[in-house]
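Student: this one's structure only:
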């Protein structure tokens, strides 16, 4: 037996958890080493990427696996961020508990929104989530005494152990949480719940005939994805240091959706690309536009034009996103009927 | 023979390991490590000073405010053209945060950690700058001359942070005192922005105006400002308010006056200086002038709506063309920011930028040839009150007070006053209707200011050739 | 009581504006089952073009008509170039493309025209109408808006229900393959649908600009509330767009007036949730039958 055969004969266990865990651990180790070598600003950005990944993973689950479009995940990020900030400012809780509470309260909000959402299709659901994204921050504006008003609520990172700098410690926390969430969601998608999500996405009637409780499945998907978004929002607020309604405009929800689609709807690794895009795209487009030397104001707008063009071109050229493109390169042609990543095209309805 | 499942899982393993590993590689490669600045004072070399700021250049908050940073840059270009400060040229890097505090947090960290700025000068916004106040102070980076009237910039917990414009509460107190003196017995109504700006102005107003006179308090939310504030104005009219105080941004000033004009409601308007600059508000009101088709004839009706508006000013307005500061500001903009001047001319925002930048230049000069962050702060704390500025009162800086201007005069916009002429048209000017007054941002008294105003030096960078 | 009347009139005035944009969204949805998030921004861009024409001295009504034509062309071109290639793929792709287009339009307007405050003329006087000896919170211009929206809605209804062209458009939306087999020129009709929506969007932009602060972002919230109105009324129904607009405008006005302006989005959300709980496909849409 030669080396190649030995290597090829290594089989990962069948159980998803034991299969995903080594990958996560390897990635974690690599990232740990990488973050120690980066400058503080880049470390900060890696942390931001990790926080966005957490939120994007939830969105990918909701839209890719379960077929529900949400234009309001920025609002769930706000719920999570404010929950954590309020706990930090008014109680002496344990940090992990605060993160869990952020995810939990956001998941509860997802439950509340997911219940009426079960009856809604495509654009109708999009409309409701869009308005939700607008309404939630306005609630915080209405009661500035509780929610910090213009100055916002401050968040504090737990003290770093040993010789780690504060930025490195925060980024490592964010990366760790992102890896944990990715493993958990990956397992979920491989489990019977994931199959239920996909079954409901592909054909609700067939799924209910097969014994799946459609409404419960959809609400569960909504709640879990909202919880992820809340957790991501809480992590991001640790980077920013302050929670303020100005951080959650409508454009945030739109950007999350765009990043998810560009990364690859329904995939998890694709959300890494999405996170990188969210954090680096503004910088790239700004530096690209400054080459045109039109003056600061026009340059700033040129940067947004570039961003918009990227969205348009990417959607027409690579509709399955970056991860879809990578998979196609690697040879995973889409199989009919299973594990697909695309949101189905609505069937024609009788008028 | 290996089963198909096992082969697929095996392929999957390699794929995933490859992806995870390349992920780390990609991250390591694309994130170029920044060069750590080994210099003792970041942002300062023998030939340059690098400063930065975050301002809204795009987005709904940008109109008007995007003119300030380029106007500041005009002053720095002027100074650089005359040898800089002690031979150091000022390099001003202002980035667009779109008024989103999350962007401000990221961009400010980029400026400090990657671009190694010496100081953050002239960044804009209360929520945006509050988001980075802790970070900048922890990093001991001066957060100078924040473009916001929040009371929070003079805080002993944050010694690196300095305000510049009068706090909103000062506006409210001085306007309130004028109303109490001149409109006693009349019914007063407020329309304020539902955030710190509006609340601080109202706080100042309430310190002066008796509560019983205020018949209606309306608010509007800046983030969801979708259209005319018709409901608020209808409510003010229904309450019978004869004097309406507007604590509004320029867009909202217009969106308040327009629907009021539609229902034939013309109260006495008292408008905070933030939202009262006539070249900024005038064009927004011009649409009311047009009836039917035809070319816009803006001045008469727009000026008609603004005629009689009471506001405040803390430096000579653009319409005061005889004032030497106004002339100096115009000259600098014409020469060193010609495209900005051609587009906006000398209006409230460009005046603000020129004045603020010149304050910073003097701080640099006073900080001396051996420029450090601490020497800069010391210069402001000890010499700030002697700086030469267009203001009616001197700056109030000391080691315990980090507010800039604490005094203003009440101004009335009148069609008989010389107009403010900009490239967009000729806009109503104002006259002073009271003395210059000083007060603090708390419940202190208002006192008249009788000291001198300063004149711009002939050569603005006279002591810099070093 | 007079305050209630004022709130009602304001609600109607705003509601008409939301209805105009809702009509544009309905036109596109009926043609291609897509929500065009760039509709408001397209209207904004054409209004900026009108502004340029007006400042060069062109008469108001000439600019008005010209800009409607430009809106038609922009809509048709968008469909042909950007949306047609996406047919048959995921439902999300057109969403992202139209969002990208929205960003591009706003960036273009900002880059070309800058941020400076400016006003835009109204077609008619903006002074309130005089009823008896009081001035009402409804101007001549508001009456024009009302008439324009009603005309647009009537035109759309007639088109879809009573003309052969409308029938062909409905067939195309139902199933392109079947329509093509029946000899319908599918491509032209799709572009036509988007072109008509472009006209509605341009009209919305022109009607809204005089009463707002005219800048690259002034149509953003109109799009959100217009979308709300369309969803409430039913994305396939022009009448629904008008009714939805009225309901949304009135509700937002009452919530803002009686409860405070900060609660308007929450009020709109509550309205939407109530409407959709009662009729998940909108008030005027017929629930679709599905093949099991």
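Tutor: Happy to help now that I have it. Just so we're clear, the structure is a prediction, and the values are computed from it rather than from any experiment.

Student: the chain: strands as residue ranges?
Tutor: Since no chain was named, I'll use chain A. A:153-154, A:242-243 (DSSP state E).

Student: not what I meant, chain C
Tutor: Under DSSP E, chain C gives strands at C:128-131, C:134-139.

Student: kindly indicate whether residue B:93 is helix, strand or coil.
Tutor: Under DSSP: H, G, I helix; E, B strand; the rest coil, the three-state class of residue B:93 is strand.

Student: residue B:269 now?
Tutor: strand.

Student: the nearest residue to residue A:118 once chain neighbours are set aside: neighbour count?
Tutor: Closest residue in space to residue A:118, ignoring its immediate chain neighbours: residue A:215 at 4.4 Å, by CB to CB, 6 or more residues apart in numbering or on different chains. Backbone N, C-alpha and C define where each C-beta goes, glycine included. Residue A:215 has 15 neighbours, counted by other CB atoms under 10 Å in any protein chain shown.

Student: cool, and the one 3 residues further on?
Tutor: Summarising burial for residue A:218: neighbours were counted as other CB under 10 Å, giving 26.

Student: pLDDT score for it?
Tutor: Per-residue confidence (pLDDT) for residue A:218: 94.

Student: pull the contacting residues for it.
Tutor: Counting by CB atoms under 8 Å, 6 or more residues apart in numbering or on different chains, residue A:218 touches A:66, A:68, A:114, A:117-118, A:200.

Student: now, those residues that are in helices?
Tutor: Counting by DSSP state H, the contacts of residue A:218 place A:114, A:117, A:200 in helices.

Student: how about those residues in a markdown table, adding neighbour count, distance to residue C:226 and pLDDT?
Tutor: Shown next, in a markdown table, are those (neighbours: other CB atoms under 10 Å in any protein chain shown; distance: CB to CB, whole Å; pLDDT from 0 to 100):
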| residue | neighbour count | distance to residue C:226 | pLDDT |
| --- | --- | --- | --- |
| A:114 | 24 | 25 | 91 |
| A:117 | 26 | 21 | 89 |
| A:200 | 25 | 31 | 92 |
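
Student: nearest to residue B:259 among these?
Tutor: Minimum distance to residue B:259 across those is 36.6 Å, recorded for residue A:117 (CB to CB).

Student: ok, that closest one touching residue A:66?
Tutor: No. Residue A:117 lies out of contact with residue A:66 (CB atoms under 8 Å); the separation is 10.7 Å.

Student: find the nearest non-adjacent residue to residue B:180, please.
Tutor: Per CB to CB, 6+ apart, closest to residue B:180 is residue B:208, 5.2 Å.

Student: measure the one you found to residue B:393 for me?
Tutor: 19 Å (CB to CB, to the nearest Å).

Student: ok so, going back, as a markdown table, the strands of chain C with mean neighbour count would be great.
Tutor: Below are these laid out as a markdown table (neighbours: other CB atoms under 10 Å in any protein chain shown):
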| stretch | mean neighbour count |
| --- | --- |
| strand C:128-131 | 14 |
| strand C:134-139 | 21 |
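
Student: now render the contacts of residue A:218 as JSON lines, adding distance to residue B:167.
Tutor: Compiled in JSON lines, the contacts of residue A:218 are given as follows (distance: CB to CB, whole Å):
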{"residue": "A:66", "distance to residue B:167": "51"}
{"residue": "A:68", "distance to residue B:167": "48"}
{"residue": "A:114", "distance to residue B:167": "45"}
{"residue": "A:117", "distance to residue B:167": "46"}
{"residue": "A:118", "distance to residue B:167": "51"}
{"residue": "A:200", "distance to residue B:167": "56"}
